[in-house]
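A.B. asks: have a look; sequence and predicted model below, questions after that.
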Amino acid sequence: MNIVMVSSECLPFSKTGGLGDVAYSLSKEFVKKGHNVSIVCPYYKKINFEKFKAEPKKLYEFDVQMNWRKPTCEVYHLLYEGMDYFFIKNDYYFGRDGGLYGFYDDGERFAYFANASTLLLKELPFKVDIVHVHDWQGGMIPCILKVKYWDDKVLNKIKTVLTIHNPLFKGYLNKDSLYDLFNLPTSLFDDGSVRLENQVSTLKAGIKFADKITTVSPTHAFELTTVEGSKGLWYDLVLRQNDFSGILNGMDQVEFDPSKDKSIYQTFNVKNFKENKKKNKIEFCKENNLDPELPLFAVVSRLTDQKGLDLIYGMADFLTHEGGNFAVLGSGERYAEDMFNGLYARNSKHTYVYIGYSDDIAHKLYASSDFFIMPSAFEPCGLGQMIAQRYGSLPLVRRTGGLKDSVICYDGERNNDDIANGFGFDEYSIVEAIKCTAQAMNVYNLKKDIFERLVKNALLTDHSWNDSADKYLTLYSSIVK
């Protein structure tokens, strides 16, 4: 099958979050299964190709019609790990300093990206079976194919899949942008096809026109069809519920492998974790003046409200006063950074704070910690809890979205320590979060045999892409004639 992924970011060349991981890891799994995969993404200025000892080659150049504009598109190609990367280059839109997003004209930038990616499909020297677009940045592509190119003998045969990674970001534009940016009729707004909250939504356009729609976990798929959990998308997704499903993300088990990880103090596996994982904790605590005999709870996260910052702080305050250590690595909301810095100032003997991001420190924290805190307000899938389990760090999660689907929570009353690989709670409240923390500390301090069994279960948990990739391929096959 010839699969084209269209994503605004993709490892190893660009990433801000889980989207970059998924586009890369899922594509790599498809290649392992014998399929041809192309990835279309922007040619950002910050991409350092020298790091990969590879230089992309220019293949195509064409104009992209956007009302009166005709910005040029240069397409560069690079074969990397069996995947064909096609980079959409236009320095006005993507040759800027700074991050990938957050510019005043992001709507126009990714409208250009969607238009250029669609035109690229006609240039490719093979028949495209599936175009798989991700989130709002590529969400308009199914609409462009079905409305603008309905009579094109090449483009009108292509089937499309949209994956919703984060429903908070809907790609809002004004009504006039339909013609101004996409050369599409404003009747699409008037008849409600792309209208959401009285604006054009490129994400809704994808929901309306894609042949199939997915999100990144079964529980989140259910949540998106409810008024409370949908972030405003429930009505449109209920209308498409027969074409909508949740497929749990996997993770890259090569990048995150405690038996081969050169970033950690001591490699370990399921056979020697009792001795060697502890060596990681001892070294980390020694470097940061923490007591290695106490349970270590870690957070590696963007510090945003979605991640349950108030619950994280309440849990951290509780455990550092009740005989535990707390370590946080992340950046985001200024008040959150100040909050955790304040906790360190008051209780430095039990606290480690790193504001920013360091891949090296992140790996060390996963390997050194006993527990991993992730009490999200909502979490479509989540990657941190899977990485933590891979390193034998037991997640403490609020059972929502992918956290519910990927963590089997320990229940002392049911004695499920033979399968449990973490701890959890349901209600979004500090009381419930602290109860969960107290339960974890109790198991660590008083039930060592159960704690070690849970760690072993976590290490044995399979979060590879194999099963999920098969589910996507079955979905693709259902629409490709």
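C.D. replies: Nice, I can see it.
A.B. asks: okay, buried residues for stretch 58-76 please.
C.D. replies: Tyr60, Val64, Met66, Cys73, Glu74, Val75, Tyr76 (16 or more other CB atoms under 10 Å). Every C-beta, even on glycine, is put in place using the N, C-alpha and C of the backbone.
A.B. asks: for the strand or helix carrying Ala345, packing partners?
C.D. replies: Assessed by DSSP states H and E, Ala345 sits inside helix 334-346. Judged by 3 or more CB pairs under 8 Å, 6 or more residues apart in numbering; DSSP states H and E, helix 334-346 is in contact with helix 309-321, strand 351-355.
A.B. asks: okay, buried residues for the shortest one please.
C.D. replies: Buried positions in strand 351-355, judged by neighbour count with 16+ other CB under 10 Å: Thr351, Tyr352, Val353, Tyr354.
A.B. asks: I'd like the residues you listed as TSV, with pLDDT and distance to Cys409 appended.
C.D. replies: Formatted as TSV, those follow (pLDDT from 0 to 100; distance: CB to CB, whole Å):
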residue	pLDDT	distance to Cys409
Thr351	98	26
Tyr352	98	26
Val353	98	28
Tyr354	97	28
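A.B. asks: ok, so of those, who is nearest Val161?
C.D. replies: Tyr354 (38.0 Å; CB to CB).
A.B. asks: just the helices in the stretch 51-200 of the chain please.
C.D. replies: 91-94, 106-123, 141-143, 177-182, 187-190 (DSSP state H, counting those that start in this stretch).
A.B. asks: for the second one, buried residues please.
C.D. replies: Judged by neighbour count using 16+ other CB under 10 Å, the buried positions of helix 106-123 are 106-121.
A.B. asks: now the helix holding Ala345: buried residues?
C.D. replies: Quick answer for helix 334-346 (16+ other CB under 10 Å): Ala336, Glu337, Met339, Phe340, Leu343, Tyr344.
A.B. asks: how about stretch 246-256?
C.D. replies: For stretch 246-256, using 16+ other CB under 10 Å, the buried residues are Gly246, Ile247, Leu248, Asn249, Gly250, Met251, Asp252, Gln253, Glu255, Phe256.
A.B. asks: ok, the last one - contacts?
C.D. replies: Same thing as Phe256. Contacts for Phe256 (CB atoms under 8 Å, 6 or more residues apart in numbering) come out as His363, Tyr366, Ile387, Arg390, Tyr391.
A.B. asks: from Tyr112, how far off is the nearest residue to Asp63 once chain neighbours are set aside?
C.D. replies: Distances taken as CB to CB, 6 or more residues apart in numbering place Lys70 nearest to Asp63, at 4.4 Å, with adjacent residues excluded. Per CB to CB, to the nearest Å, Lys70 is found 11 Å from Tyr112.
A.B. asks: what does Ile450 give?
C.D. replies: Counting by CB to CB - Ile450 and Tyr112 are separated by 55 Å.
A.B. asks: same question for Ile264.
C.D. replies: 42 Å.
A.B. asks: circling back to that earlier point, Throw the buried residues of helix 334-346 into TSV and include pLDDT and distance to Glu228, thanks.
C.D. replies: Below are the buried residues of helix 334-346 laid out as TSV (pLDDT from 0 to 100; distance: CB to CB, whole Å):
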residue	pLDDT	distance to Glu228
Ala336	95	25
Glu337	96	30
Met339	96	27
Phe340	97	29
Leu343	96	32
Tyr344	97	36
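A.B. asks: perfect, that will be all.
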